[in-house]
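*Asks:* with the sequence up front, the predicted model follows.
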Amino acid sequence: MTSHVDDGGDHSVGRSLIAAEAAADESTVEAALRPRTLAELIGQGRVRDQLGLVLEAARSRGRPPDHVLLAGPPGLGKTTLAMIIAAELSAPLRVTSGPAIQHAGDLAAILSSLAEGEVLFLDEIHRMSRPAEEMLYMAMEDFRVDVVVGKGPGATAIPLEIPPFTLVGATTRAGLLPGPLRDRFGFTGHLEYYEVDELDEIVRRSAQLLDVPITDHAAREVASRSRGTPRIANRLLRRVRDYAQVRADGVVRTKTAQAALDLYEVDEEGLDRLDRAVLDALCRRFGGGPVGVSTLAVAVGEERETVEEVAEPFLVRRGYLARTPRGRVATPAAWRQLGLAPPADAAFGQSPSLFDDP
Ligand SMILES: Nc1ncnc2c1ncn2[C@@H]1O[C@H](COP(=O)(O)OP(=O)(O)OP(=O)(O)O)[C@@H](O)[C@H]1O
């Protein structure tokens, strides 16, 4: 069975997507695939319900809701949720990120130009500079900032009122946020990896919006190789679509999907080149560990953050890797994944206490 853009569906969305595709702008396509309301969001049932209540209550009071922190690995929908929050509140949205705010003055400029009730999305909030972070505490709590003018003993702090706003902070590393900052969020949503059924629904929805004919079985194949992550599901869908158009009849069938995903080195479990490189380095070069994550990152030629935030959470979840106080350790399943026998003296077998990750 193939699914096509439903005749009763929103054709303007379909058409604008196809135009974006023609412009070969993948980020525009990704943005256009975002669900726009909480009701349209697939999966994340708990966060959806909790957030729904927070927003409903704020709407009924006619006041901006509490500040919201969204935590979870990349690509699970933090930006999408921030946009949904603004849309559900019919409020404007301002987008910035921690690394973009290096000085407190950068933050003061943004805060002082916010409209009443505006939603400020601060991505990678854990990467903001310390002085900016301190300014944010006051802004979140009292809707006020102190702008310091001048230097040295003559410096004066000028208080500046800012209109009530809602901060939506996003982080892949909730543990790195200082307590005082975490405490100022009235609600924290922990985003979880998606189940295959949910990703299946996301793939079919995206295929419909992109006008990609895909069989139900092929959609499931893409979903099951997407490492629990919608962004990856959408990306893989675009790659199997390319393959179907260039090397087949344009319809994504299971065989086409499998051939395309093999070509892009995504295996049946969703492990990609980086995941396998990490496991390979861990087992073959470091005898299964323990080894520090920085060393592991150098060994695979990647940034430490990429290994830590993209590859590791998935490998830990699939039971291939354990984070221990002494470093990263391969599990017997990791050795088997590489077609190797786990050594009898592998670190994993030595002491269960090794795995008490602090
Ligand atoms: N629940 C969902 N249902 C359907 N599509 C989703 C859902 N969540 C995310 N997506 C899709 O996945 C893509 C990535 O989502 P998004 O950019 O919101 O992730 P993110 O968590 O903000 O990632 P990062 O932190 O890396 O920016 C988007 O294109 C969006 O269409």
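*Replies:* Good, I have the coordinates.

*Asks:* pLDDT weak spots in the stretch 201-350 of the chain?
*Replies:* 345-350 (pLDDT under 70).

*Asks:* residue 188 contacts residue 67, doesn't it?
*Replies:* No - with contact defined as Cβ atoms under 8 Å, residue 188 does not count as touching residue 67 (9.7 Å). Using the backbone N, CA and C atoms, a C-beta is placed for each residue, glycine as well.

*Asks:* more neighbours, these two?
*Replies:* Just comparing residue 188 and residue 67: by other Cβ atoms under 10 Å the higher neighbour count belongs to residue 67, 23 against 17.

*Asks:* contacts only, for that one.
*Replies:* 140, 166-169, 184-187 (Cβ atoms under 8 Å, 6 or more residues apart in numbering).

*Asks:* contact partners for the closest residue to the ligand within the chain?
*Replies:* Minimum separation of the chain from the ligand (Cβ to the nearest ligand atom) falls at residue 77, amounting to 2.9 Å. When contacts are counted by Cβ under 8 Å, 6+ apart, residue 77 touches 41, 44, 191, 230.

*Asks:* for the ligand, tell me which of these show up nearby.
*Replies:* 41, 44, 230 (Cβ under 6 Å from any ligand atom).

*Asks:* I figured the first one hits residue 49, correct?
*Replies:* Read that as residue 41. No - Residue 41 lies out of contact with residue 49 (Cβ under 8 Å); the separation is 10.9 Å.

*Asks:* who's more crowded, these two?
*Replies:* residue 41 (20 against 10).

*Asks:* following element in sequence after the one helix or strand residue 255 maps to, please.
*Replies:* In this assignment (DSSP states H and E), residue 255 forms part of helix 254-263. With elements assigned by DSSP H and E, the helix or strand that comes after helix 254-263 is helix 273-280.

*Asks:* and for residue 224, the neighbour number?
*Replies:* Residues near residue 224, counting by other Cβ under 10 Å, number 17.

*Asks:* for residue 235, that is, sorry about that
*Replies:* 18.

*Asks:* what's the distance between it and residue 262?
*Replies:* Using Cβ to Cβ, to the nearest Å, residue 235 is found at 16 Å from residue 262.

*Asks:* nearest residue to residue 292 in space, please, no chain neighbours.
*Replies:* residue 327 (4.9 Å; Cβ to Cβ, 6 or more residues apart in numbering).

*Asks:* which strand residues bridge that neighbour?
*Replies:* For residue 327, the beta-bridge partners are residue 324 (DSSP bridges).

*Asks:* which residues of the stretch 201-350 of the chain lie near the ligand?
*Replies:* Residues of the stretch 201-350 of the chain lying near the ligand (Cβ under 6 Å from any ligand atom): 202, 230-231, 234.

*Asks:* rerun at 8 Å
*Replies:* 201-202, 205-206, 229-231, 233-234 (Cβ under 8 Å from any ligand atom).

*Asks:* kindly report the same for the stretch 1-150 of the chain.
*Replies:* 30-31, 33-35, 40-44, 70, 72-83, 123-124.
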